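> Provided below are the primary sequence and the corresponding predicted coordinates.
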Amino acid sequence: DDTTRDDGLPIITRAAIEDERAQGMSDDLIRQEFYCDFSVVGGQAFDFQKKYHVVPSDTPIPEYAPIYFTFDWGYGHPFSAQWWYVDSDNRVYHFKEWYGWNGEPNTGLRLTDEEIVRGITDIEKGLKIDTKYITRLAGPDCFNKKPDYRRGGQGPSTADVFDTYNVSLHPGDPSRDLKIRQFRSRLFIPDDNTKPMMQIYDSCVNFIRTIPLIPVDKNKIEYIDTTSENHTFDAA
C-alpha cells in the first residue's frame with residue numbers, strides 16, 4: 001500500500017488504477033500503461049493474454065486424447081497448419097503449428113499442395129502421431145477443383161491431393177458467426193482461477209504473434225478485419 005519505493009520513485013496503487021477505470025480509461029490502456037502488457041492493441045478482436053492462454057511446450061499430451069488437425073490454405077498469403085488435442089474437460093490445446101510464411105508480413109511460401117502435404121506427414125512422423133487417428137478440418141476452398149490449364153477443364157482440389165498421401169480433409173464449419181463466437185468463448189478468462197478453454201503451447205509462436213494483432217472489422221464490429229493477417233484464426 002506504500003505510494004513510493006525505497007528509492008523515492010512513485011508507485012501507482014490499485015485504488016488509483018480503479019479511479020482511472022472509473023473515469024473511462026479502457027481495460028486495454030490500463031493493461032498497457034500500468035501492467036506493461038504491450039500485446040494489447042487498440043481495436044483488438046480477441047482478448048488473448050499470454051499469462052492465461054499460453055502453456056509450456058513440454059506439457060505432456062494425454063495418451064488417449066483425441067487429436068485434431070486444422071488447416072487454412074494459402075499460397076501468396078501464408079497457410080496455417082495446426083495440431084490440437086482435447087482434454088477430458090473439453091479444453092483444446094494447440095500443441096504444434098506450421099505457418100507457411102517467408103518472414104515478411106502476411107506473405108506466403110508459395111508451396112504447392114504436394115509440398116505442403118509432404119511437410120505435414122513429415123511433421124506428424126517427427127511428433128510420433130502418424131499412427132494415430134487424426135480428425136482433419138479445413139476451409140471450404142480446399143475442396144474447390146482447380147483449373148487444369150494444360151489439359152483444359154478442372155484438376156484436383158487441395159483435398160484430392162492431400163488424400164493421395166492418406167491425409168483426408170473434411171470441411172470445417174463455414175459459418176463465420178459461429179466460428180468467432182466459439183473462438184471468443186474459448187478464450188474467455190474465468191474469474192474462478194480455472195484455465196480458459198483454449199490453451200496454446202509456447203512453441204506455436206505465430207499463433208501467439210498474430211492473434212492479438214487481428215483487429216475488428218470497422219463496418220461489422222462483431223467480426224474481424226479479413227484483410228489482416230488472420231490465417232491462424234481461420235485455421236483454428
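Okay, I see it.
> Phe143 contacts Gly172, correct?
No. Assessed by CB atoms under 8 Å, Phe143 is found out of contact with Gly172, at 10.4 Å. C-beta: built from backbone N, CA, C; applies to glycine.
> these two: who's more crowded?
Using other CB atoms under 10 Å, the more surrounded residue of Phe143 and Gly172 is Gly172, with 19 against 14.
> list the contacts for the closest residue to that one other than its chain neighbours?
Spatial nearest neighbour of Gly172, excluding adjacent residues (CB to CB, 6 or more residues apart in numbering): Leu137 at 4.1 Å. When contacts are counted by CB atoms under 8 Å, 6 or more residues apart in numbering, Leu137 touches 68-71, 169-172.
> also Val117?
Counting by CB under 8 Å, 6+ apart, the residues that Val117 touches are 161-162, 165, 167.
> filter the residues you listed to the buried ones?
If you count burial by 16 or more other CB atoms under 10 Å, the buried members of the contacts of Val117 come out as 161-162, 167.
> any idea which helix is longest in the protein?
Ordering each helix of the chain by length in residues (DSSP state H) puts helix 113-127 first.
> just the buried residues of the next helix or strand after that helix, please?
Later in the chain than helix 113-127, the nearest helix or strand by DSSP states H and E is strand 134-138. Burial within strand 134-138, assessed by neighbour count using 16+ other CB under 10 Å, is assigned to 134, 136-138.
> quick one: the closest residue to Ile211 other than its chain neighbours and Ser157, what's the gap?
Once flanking residues are discounted, Ile211 sits nearest to Phe48: 4.7 Å by CB to CB, 6+ apart. The gap separating Phe48 from Ser157 is 32 Å, by CB to CB, to the nearest Å.
> looking at these two, which one has more neighbours?
Neighbour count, other CB under 10 Å: between Phe48 and Ser157, Phe48 has more, with 24 against 18.
> correct me, but the more buried one touches Ile189?
No. With contact defined as CB under 8 Å, Phe48 does not count as touching Ile189 (9.8 Å).
> helices of the protein, residue ranges please.
With DSSP H as the criterion, the chain has helices spanning 14-22, 27-35, 50-53, 113-127, 158-163, 176-187, 205-210, 231-235.
> return the most buried member of the ones you listed.
helix 231-235 (a mean of 23; mean count of other CB atoms under 10 Å).
> and that one, what does it pack against?
Packing partners of helix 231-235 (3 or more CB pairs under 8 Å, 6 or more residues apart in numbering; DSSP states H and E): strand 67-72, strand 79-86, strand 92-100, helix 205-210.
> partners of the third one in the sheet?
It stands for strand 92-100. If you go by DSSP bridges, strand 92-100 pairs up with strand 79-86 (antiparallel), strand 198-201 (parallel).
> can you give me the end-to-end distance of stretch 137-146?
19 Å (CA to CA, to the nearest Å).
> ok, Pro78 - contacts?
Taking CB under 8 Å, 6+ apart, we find Pro78 in contact with 99-101, 106-109, 229, 231.
> by neighbour count, which of those residues wins?
Counting by other CB under 10 Å, His231 has the largest number of neighbours within the contacts of Pro78, with 25 neighbours.
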